[in-house]
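>>> A structural model of the following input is requested.
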Amino acid sequence: MKVGYWLWGNVHNKPETGSSRIRGKWLINHWPESEELHYGRKYEAIIFQKVYEVEFAKLFDGVKILDVCDPDCLEAKIPFMEMVEACDVVTTSTDALRDVIQKWTKKPVITIPDRHDLDTFKGRKVHIGKAKEVCWFGYAHNSNPLKAVIPYLIENNLRLSIIAETPIEIAENPKEKTVDERYTKWKLDTLNDEILKSDFVVMPGSRDPNSRFKSNNKSIHSYLLGQPVATSVEELERYLDPKNRQEDADKNYEMAVRDYDVRLSVKFMQDLISKIRKEQNAKTSGR
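Numbers count the residues shown, from 1 in each chain. Purely as a prediction, here's the structure:
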């Protein structure tokens, strides 16, 4: 059975987009029957990864899955519900997103967590000595929560490594004393090496209401590199000690390898498509 992934990153000419990599390309790496969608080829199933081609979906005679990882359902310009009704099932990255969408449709809405291609994680941090540098990585527009921990970083002489697509202005007032900052442009082929240069990762919680829809993919990414993740000042203080960093890093690494291997998502998708095909065949034979 041939499965086509219609990826948001390809539609918008942004092939390195995280959602398309995590929820598309990494599955394809371990799913021989799947590929990035090619126009004109025949597929038994299409997975629309944040792609809202309603008319195409209506005409396609096969299994249709809408896969979403952002609250696009709240965007008025996106024909979200029309796409939902044109597909057989919706898959989401978090339970919070699933619960919101499920209130608006009778179509099945299922959570498939953001999982990772373990083959792409080669290095693993060994924690030695008091922490000197912490790391934050992601889209620059999501960096506002960092401001909450800047005073602690300054007080403890911790350098902040920022990995983003553009530099970030941390200090609201340029005249204020700010943190010792090291910026690196986000690149997929250097991301892991840059994260490993720091002593641990810092990811403060956000007050943005939509942050509840975000997955834990950056934390899992860090765990797979042997890096603990501090989400509060209390955890920042705990991770100054290398013994604490190593203890949590080992525990979280085992959990990430066990629960967040992308092969688990491949198996789930395969079973889901088989189930939908059986249901479709049953309806056809019962006519």
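>>> in this protein, which ranges drop under the pLDDT threshold?
Scanning the chain for pLDDT under 70 picks out 171-177, 286-287.
>>> next one: the helix ranked longest in it to chain centre, how far?
Of all the segments of type helix in the chain, defined by DSSP state H, the longest one is helix 262-285. Helix 262-285 has its C-alpha centroid displaced from the chain centroid by 24 Å (CA atoms, centre = their mean, to the nearest Å).
>>> How about stretch 143-151?
The mean C-alpha position of stretch 143-151 is separated from the chain mean by 21 Å, CA atoms, centre = their mean.
>>> before we move on, what about stretch 91-104?
For stretch 91-104, the distance to the chain centre is 15 Å (CA atoms, centre = their mean).
>>> Can you mark which positions in the longest helix of the chain are buried?
Across helix 262-285, burial judged by 16 or more other CB atoms under 10 Å covers Val262, Ser265, Val266, Phe268, Met269, Gln270, Leu272, Ile273, Ile276, Arg277. The C-beta positions use only the backbone N, C-alpha and C, and glycine is treated the same way.
>>> Could you give the separation of the helix or strand where Thr91 lies from the chain centroid?
For Thr91, the enclosing helix or strand under DSSP states H and E is strand 89-92. Centroid displacement of strand 89-92 relative to its chain, using CA atoms, centre = their mean, is 15 Å.
>>> so what secondary structure elements neighbour that strand?
Here strand 89-92 touches strand 63-68, helix 95-102, strand 109-111, helix 262-285, going by 3 or more CB pairs under 8 Å, 6 or more residues apart in numbering; DSSP states H and E.
>>> Can you give the strand pairings for the shortest one, parallel or anti for each?
So that's strand 109-111. strand 89-92 (parallel) (DSSP bridges).
>>> which residues touch the strand it pairs with?
For strand 89-92, the surrounding residues in contact (CB atoms under 8 Å, 6 or more residues apart in numbering) are 65-69, 84, 98, 101, 105, 107-112, 269, 272, 276.
>>> one more time with 7 Å, if that's ok
65-69, 84, 98, 101, 107-112, 272, 276 (CB atoms under 7 Å, 6 or more residues apart in numbering).
>>> Any buried residues in it, and which?
In strand 89-92, counting by 16+ other CB under 10 Å, buried: Val89, Val90, Thr91, Thr92.
>>> What of stretch 33-48?
The neighbour-count check on stretch 33-48 (16+ other CB under 10 Å) flags Ser34, Glu36, Leu37, Tyr43, Ala45, Ile46, Ile47, Phe48 as buried.
>>> and what of stretch 225-241?
Neighbour count says stretch 225-241 has Leu225, Gly226, Gln227, Pro228, Val229, Ala230, Glu235, Leu236, Arg238, Tyr239, Leu240 buried, by 16+ other CB under 10 Å.
>>> just how off-centre is that stretch within its chain?
Relative to the chain's own centre, stretch 225-241 is displaced by 21 Å; criterion: CA atoms, centre = their mean.
>>> returning to that earlier point: for the helices and strands packed on strand 89-92, which one sits closest to Gly205?
Gly205 lies closest to helix 95-102 among the helices and strands packed on strand 89-92, at 14.2 Å (CB to CB).
>>> and the angle for the closest one with strand 63-68?
In terms of direction (axes from the mean of the first three to the mean of the last three CA atoms, to 10 degrees), helix 95-102 departs from strand 63-68 by 120 degrees.
>>> Not counting sequence-adjacent ones, nearest residue to the most centrally placed residue in the chain?
In the chain, the centroid-proximal residue (CA atoms, centre = their mean) is Asn217; its distance is 4.3 Å. Using CB to CB, 6 or more residues apart in numbering and skipping the chain neighbours, the partner closest in space to Asn217 is Asp114 (3.9 Å).
>>> Next, count neighbours for the one you found.
22 (other CB atoms under 10 Å).
>>> That one and Phe213 touch, don't they?
No: counting by CB atoms under 7 Å, Asp114 stays clear of Phe213, with 12.0 Å between them.
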